[in-house]
Every structure is written in structure tokens, then in C-alpha cells.
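# Provide a 3D model corresponding to the input given below.
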Amino acid sequence: MNSTISKVLRYLLGIAMLIFGANKFAGFMPKPELSEKAGIFMGALADSGYIFPILGVFYIIIGLLLVLNKAVPLALLMLVPISINIVAFHLALDPKGVLFAAVVAILNAILLFTYWSKYETILK
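Numbers count the residues shown, from 1 in each chain. All right, here's what the predicted structure looks like:
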């Protein structure tokens, strides 16, 4: 893939992670209207008191690594289970929000393939 396109995709994904990570702490984005089941699930996660801060820290770390072009293959691997879970959540509980979830997962997948050579030794 063209390095300029890869760089743009990396920045887009990194900035998105930074924004959503910061939002976990500052709450500057309006909370979306959720289906009843999605609301119950998200309420239970919020009531735990620890899930959203941990996610926020991970989003910020991943975002910084992507934007600063440091340990990008690691950041992309860290994002895989998060991307899968975001898509699964929306498919199962809140289908109207699946578009953004799919964009994050697709950007993650494209960048994983861009850095595929970095993973070859651990996949042997």
C-alpha cells in the first residue's frame, strides 16, 4: 500500500482512538441513544467502575502509538480485540451504530495487513 495512504489511515485511526479515549474521562461527547438491551449492558459496564477507565487508557495508548508512529504493529494488535468487541456489540445490541464500528475495524484490518511483515516471525 502507498505509504502516504497508510500514514493517513494511521493518523485517522490514531486520532479517533485519542478522541474516544479522552471522552471516557472527560465525557465531552453526547451519549448516543441506545436500545434497551444496549443501555442495560452499557449501564452494567459503567456501574462496574473500572471498565470504561481501562478502555480509555488503552484507547489513548493506542492512539498515541499510532499518531507518533511508535510500536505501530503492537498498537494495531492491541486494537484487534477492541475492534471485534465494538462491532459485535453493535451487531448484537445496537445495529444503528455499526457503521462507525465497522470503519474502525476496517482501518485496523487494512493497517494490520500493511504491517503484516512485522508479524511473520510470531506467526511461524
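
# Quick one: the helices in the protein, in order.
3-26, 36-48, 51-67, 72-93, 98-114 (DSSP state H).

# nearest residue to Ala102 other than its sequence neighbours?
Using C-beta to C-beta, 6 or more residues apart in numbering and skipping the chain neighbours, the partner closest in space to Ala102 is Val87 (6.2 Å). (Each C-beta comes from the backbone N, C-alpha and C, glycine too.)

# wait, the one you found sits on Val103?
No. Contact criterion C-beta atoms under 8 Å: Val87 and Val103 do not qualify, at 10.0 Å.

# who has more neighbours, these two?
Val87 (18 against 14; other C-beta atoms under 10 Å).

# so who does the nearest residue to Tyr11 once chain neighbours are set aside touch?
Using C-beta to C-beta, 6+ apart and skipping residues adjacent in sequence, the residue nearest Tyr11 is Val67, 6.2 Å away. Each residue near Val67 by C-beta atoms under 8 Å, 6 or more residues apart in numbering is listed here: 10-11, 14-15, 18.

# So Val67 versus Ile61, what's the distance?
Separation of Val67 from Ile61 (C-beta to C-beta, to the nearest Å): 11 Å.

# rewinding a little: how about a markdown table for the contacts of Val67, with pLDDT added?
As requested, the contacts of Val67 are exported to a markdown table (pLDDT from 0 to 100):
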| residue | pLDDT |
| --- | --- |
| Arg10 | 98 |
| Tyr11 | 98 |
| Gly14 | 98 |
| Ile15 | 98 |
| Leu18 | 98 |
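
# Return the members of those classed as buried.
Buried subset of the contacts of Val67 (neighbour count, 16 or more other C-beta atoms under 10 Å): 10, 14, 18.

# what about Gly39, how many neighbours?
For Gly39, using other C-beta under 10 Å, the count is 15.

# Make 152 the first number, not 1, from now on.
Right, with 152 as the first residue, what we last looked at is Gly190.

# ok, it to Ala197 distance?
Relative to Ala197, and taking C-beta to C-beta, Gly190 is found at 10 Å.
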